[in-house]
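In: show me how the following folds:
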Amino acid sequence: MALSVSDLPVIYTLLANSLSGDINVRKPAEDSLAQFESRPGFCSCLMEVITAKDLVSHTDVRLMASVYLKNSINRYWRNRRDSMGMSNEEKLHLRQKLLSHLREENYQIALTFGRSDLEICYRLPKGMVRLAFRVSSTTSIASQFFDYSWHLWQTDVQNILHGFPALAQNASELPHGDIYLTCERWLLCSKIIRQLIISGFPSDAKSLQVVQPVKTVCPVMLNAIRSFFPYYSSFQEKHPKFWDFLKKACTKLMKILIATQQRHPYSFGDQSVLWHVVDFCLNKITNPEPDILSFEEFMIQCMSMMKAVLECKEYKPSFTGRVMGDNRVTLQEMKKNVSSSVAGVLASLLPSDRVVLLCNILIRRYFVLTAKDVEEWYQNPESFHHEQDSVLWSERLRPCAEALYIVLFENHSQVGPVVVSILQEAMNGCPSVSEISPELLLKDAAYGAAAYVYYELSNYLSFKDWFNGALSIELTNDHPNTRIIHRKVALILGQWVSEIKDDTRKPVYCALIKLLQEKDLCVRHHDLCISTLKMQISQSRTFTDLLPLCWDSCFKLMEDVQEFDSKVQVLNTISGLIARITEVMPYANKLVQFFQKAWEESSGESLLQIQLLTALKNFVAALGYQSPICYNLLMPILQSVLNVNSPDELLEDSMQLWETTLSHATAMAPQLLGYFPCLVEILERSFNHLKVAASIIEGYIVLGGFEFLNMHAPTLAKVLDLVIGNVNDRGLLSVLPLVDVLVQDGFMIFKFCYNLSEINCHMPERGDDHDPSKTAVKTSSAAILARILVMNTNFLAQLTSEQSLLAHLQKAGFSNEENILLCLVDVWLDKVDNVTSTQRKTFAVALSIILTMRMPQVLDKLDQILSVCTSVILGGSEDLTEEESSSDNMQSSQLQVPSKEFRRRQIKFSDPINQISLENSLRDNLQTCSALHGELFNTAMSKMHPAAFAQLKQALNMP
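Out: Numbering: from 1, shown residues only. Below is the predicted model:
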């Protein structure tokens, strides 16, 4: 039975319960979700949970839903043997939903969306590409529809403004349902007009065609905003429903203006539009009415508009030249002329005094913490940190003002002295901190302003003098209210990292550690996220000495924080530290204890465990060949996450940790040896992680050797049989190198050799060169079969004569009259120039062996075979490859600790092909061929080109 909208409350409750730390709550929820997975409509329900506006703050539930969505798409997009998969209707619905939420603001949810989009894109029919061309046919329709919609919009706004005076006079007894319905229709009509302007016309940034509706609509919409504002305060007191409409309408109209400017910058840049809009926004930012100042949503849009205009690349002056004597007006010349015109408009709108005023207003008014901010900070420092520093700049007024300030500084660097002046004024006005005063809050704002534009302000301000004369002194004051300043000091140290030179490095490091040890969680978080990570670019001895304190501070912070985002940030910092320091061994015991405790406390929190697995992977990689010291921690974790009952969302990170453990192991631990069968269960679910799986298999083969193969040969055969023939060419290319290693060691499992010969012989002869993946598969398969022929000629002959193989090839269109070995000869001859030197020698030795077979057709290819063999022999001394040149390294590194990479090079160095003398093999096989074919052989040899024959004599040292 399909799930529907009525099941959403149940799905939401199960998702929330699946995040519970109580196993009695979590386990039933996970089991129920697993049962829902295969039911139609499950993915659609998940999508509704993720995109529901009233659930935006429930990040953990939405993120868990996005993980389930990604995994369900991976499993059920295609029809499966145990499930009917998704209906076409649901697939279409999910595509549309995913495409409409590509700008998801939560980074982790956006990442899982991206993976889901990628999974779907792999399965889109080619005809879907044609959708891109439909836009070109919508312009004429948009123009016709626009006229009707615009007329309706204007009529409605006139009726609304005509009815508002009566409402403003407190005529609450009058019925006003009709006017409210008009308001609702007008809002809908505004959305339609926006869509028509944005999507109904090609962007003028590319076409340079004026979009007339932009010039028509934008000034009228701006006037509508101006007409609504006089009713703002009266409606707030008397008519809250219409007050909400006014806020929604003004915000919506400003958003339409911003979207129009970004889509059609040149049409918007006309003086009749740009001048009035920018002037209006500047006035609202610098001199707003008292009521409007509290209208944060609208103020954010005004600042966003200013930011969009200031950073618009189409409005920047162009410095491209033109060919002398060429009088044609090129597209670039037209753009340059328009840009120059717009630049003139902006210059008249933003003279120096107005730029300075705007800079002062942003810092002194919008950067300053409010009483409400301070209260929220003191009540919950951790939550305040995330609300202030983990949101997008367009969501809150202060981050938006900061973003506008940065863009203003980039475009008008003359405000540098202004910022320095404000900074000096604030520092002089508040030399010490005791109580929260306007002077203290201005100092906080000025510090923030100096931090955000460090790259330009360094021309006016010496960091060394600033740090020694003020910033370091700030940190000596332990008054509780100094947390406000300490938070900005952390920001400054992080932003000004490029200015921290050798003589100030040590005191800055000490300051960072002190900030990380503060009592206030907001300060500690700010130091953690802004400063500590950025300082790790230095590998100086000074910081290394402070690492123990840094580790302890991070571990303590992990214990103190409560929110999921906080824990993730701490884990990311620890993971970043591990990846950047040159020597992790001295801190290994502390890290093992930390990870052990963190993993135990993360039970049931899959999202947190994902971060822990990533940090563990970095830890194992940093330990390198010393990684076995953490096996007591690592093996139980691997066993738990590789279990078939482990949550699917942990699979990808679990496999990466598994692969990293094998890559840095010095020997095959018994526990690791026992985990290999888990790979069958993983690959039976899907091939999404085949590349990592192939690396894991290689690790077992290289590291485990005979012990592994003796124990798990049937399982390995099952894995290869599961993959070969059931994956695409890219998947095969991940697995074929493993088969080559197995064949090299003499472990020729008949089943997968059968599949390889099928792949190689059934490969179409035409069109492969136009598909690099198919060519690579064909070449790799041919190299393996050549190796089989060299190492066990009888086995390959038996393999190619198997009736089951011949019958299978016949079904695929392979003619009975064609000889499989001769087909292989053609492939070897064709691909010999596209392979590695070892594979070239393998091809040449295999071709020389072919000469000994009783096949007269071989004589037809004799000159080609001898040409290949000759070129390999004569080019041997020049074709020194990495594998061959590494022999010296192998001999000179006897004391090197064994590892996967070391043993991989050992296998390459001990390749039996390297021990074979192609010269002797060719000489002997030519004699055998002569004896088999007699005069026919002599005739074939006589047809060789004299130059080729001379090279053959040189290669074989013939007189």
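
In: and stretch 684-703, what's its mean pLDDT?
Out: Per-residue pLDDT over stretch 684-703 has a mean of 89.

In: ditto for stretch 286-304
Out: pLDDT averaged over stretch 286-304 gives 91.

In: what does that stretch rub up against?
Out: In this structure, residues lying in contact with stretch 286-304 by C-beta atoms under 8 Å, 6 or more residues apart in numbering are 229, 232-233, 236, 247, 250-251, 254-255, 258, 280-281, 284-285, 357-358, 361, 394-397, 400-401, 403-404. Quick note: C-beta positions are derived from backbone N, CA and C, even for glycine.

In: just give me how far that stretch sits from the chain centre.
Out: Relative to its chain's centre, stretch 286-304 lies at 35 Å (C-alpha atoms, centre = their mean, to the nearest Å).

In: mind listing what's buried in that stretch?
Out: Judged by neighbour count (16 or more other C-beta atoms under 10 Å), stretch 286-304 contains these buried residues: 288, 292-293, 295, 298-304.

In: same check, this time on stretch 354-361
Out: 355-361.

In: and for that stretch, what are the contacting residues?
Out: So stretch 354-361 is contacted by 282, 285-286, 350, 405, 408-409, 412, 414-415, 418-419, 422 (C-beta under 8 Å, 6+ apart).

In: give me the buried positions along stretch 579-586.
Out: 580-581, 584.

In: mind checking which of the residues you listed land in helices?
Out: Among the buried residues of stretch 579-586, DSSP state H puts residue 580 in helices.

In: want to try JSON lines for the buried residues of stretch 579-586, with pLDDT and distance to residue 906 as columns?
Out: Formatted as JSON lines, the buried residues of stretch 579-586 follow (pLDDT from 0 to 100; distance: C-beta to C-beta, whole Å):
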{"residue": "580", "pLDDT": "77", "distance to residue 906": "31"}
{"residue": "581", "pLDDT": "79", "distance to residue 906": "30"}
{"residue": "584", "pLDDT": "87", "distance to residue 906": "27"}
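
In: just the buried residues of stretch 579-586 now: which is nearest residue 60?
Out: Nearest to residue 60 out of those is residue 580 (C-beta to C-beta; 29.1 Å).

In: the closest one and residue 617: what is the separation?
Out: 15 Å (C-beta to C-beta, to the nearest Å).

In: please apply the same query to residue 555.
Out: Taken as C-beta to C-beta, the span from residue 555 to residue 617 is 19 Å.

In: those two - which one has more neighbours?
Out: Remark: of residue 555 and residue 617, residue 617 carries more neighbours, 21 against 18, as counted by other C-beta atoms under 10 Å.

In: host element of residue 478?
Out: Under the criterion DSSP states H and E, no helix or strand holds residue 478.

In: right, I mislabeled it, should have said residue 299
Out: Assigned by DSSP H and E, residue 299 belongs to helix 296-310.

In: and the two most separated of the buried residues of stretch 286-304?
Out: 293 and 304 (16.7 Å).

In: so among the contacts of stretch 286-304, which ones count as buried?
Out: Neighbour-count burial (16+ other C-beta under 10 Å) is assigned, among the contacts of stretch 286-304, to 229, 232, 236, 247, 250-251, 254-255, 258, 280-281, 284-285, 357-358, 361, 397, 400-401, 403-404.

In: show me those that map onto helices.
Out: Within the buried ones among the contacts of stretch 286-304, residues falling in helices by DSSP H are 232, 236, 247, 250-251, 254-255, 258, 280-281, 284-285, 357-358, 361, 397, 400-401, 403-404.

In: angles on the backbone of the residue lying closest to residue 30 once chain neighbours are set aside, please.
Out: Sequence neighbours aside, residue 18 is the residue nearest to residue 30 in space, at 5.3 Å (criterion: C-beta to C-beta, 6 or more residues apart in numbering). Per-residue torsions, residue 18: phi -70, psi -10 (degrees, to the nearest 10).

In: isn't residue 18 right up against residue 29?
Out: Yes - between residue 18 and residue 29 a contact is recorded at 4.3 Å, counting by C-beta atoms under 8 Å.

In: and those two? Which one has more around it.
Out: residue 18 (24 against 18).

In: enumerate every residue touching the more buried one.
Out: Here residue 18 is in contact with 26, 29-30, 33, 64, 606 (C-beta under 8 Å, 6+ apart).

In: ditto for residue 308
Out: Neighbours of residue 308 in contact, by C-beta under 8 Å, 6+ apart: 258, 261-262.

In: just to revisit the earlier point, of the contacts of residue 18, which belong to helices?
Out: The helices, defined by DSSP H, take in 26, 29-30, 33, 64, 606 from these.

In: among these, which one has the most neighbours?
Out: Neighbour max across those (other C-beta under 10 Å) = residue 64, 26 neighbours.

In: can you give me the mean pLDDT across stretch 153-160?
Out: For stretch 153-160, mean pLDDT rounds to 92.

In: show me the shaky parts of the stretch 401-550 of the chain.
Out: Along the stretch 401-550 of the chain, segments meeting pLDDT under 70 span 527-543.

In: pLDDT score assigned to residue 756?
Out: 47.

In: next: residue 144.
Out: pLDDT, read off for residue 144, is 63.

In: centre of the chain versus the host helix or strand of residue 591, how much separation?
Out: Assessed by DSSP H and E, residue 591 sits inside helix 588-601. How far helix 588-601 lies from its chain's middle: 28 Å, per C-alpha atoms, centre = their mean.

In: check which residues of it are buried.
Out: Under the neighbour-count criterion of 16+ other C-beta under 10 Å, helix 588-601 has 588, 591-592, 594-595, 598-599 buried.

In: next: stretch 335-344.
Out: Buried, per 16+ other C-beta under 10 Å, within stretch 335-344: 335-336, 338-339, 342.
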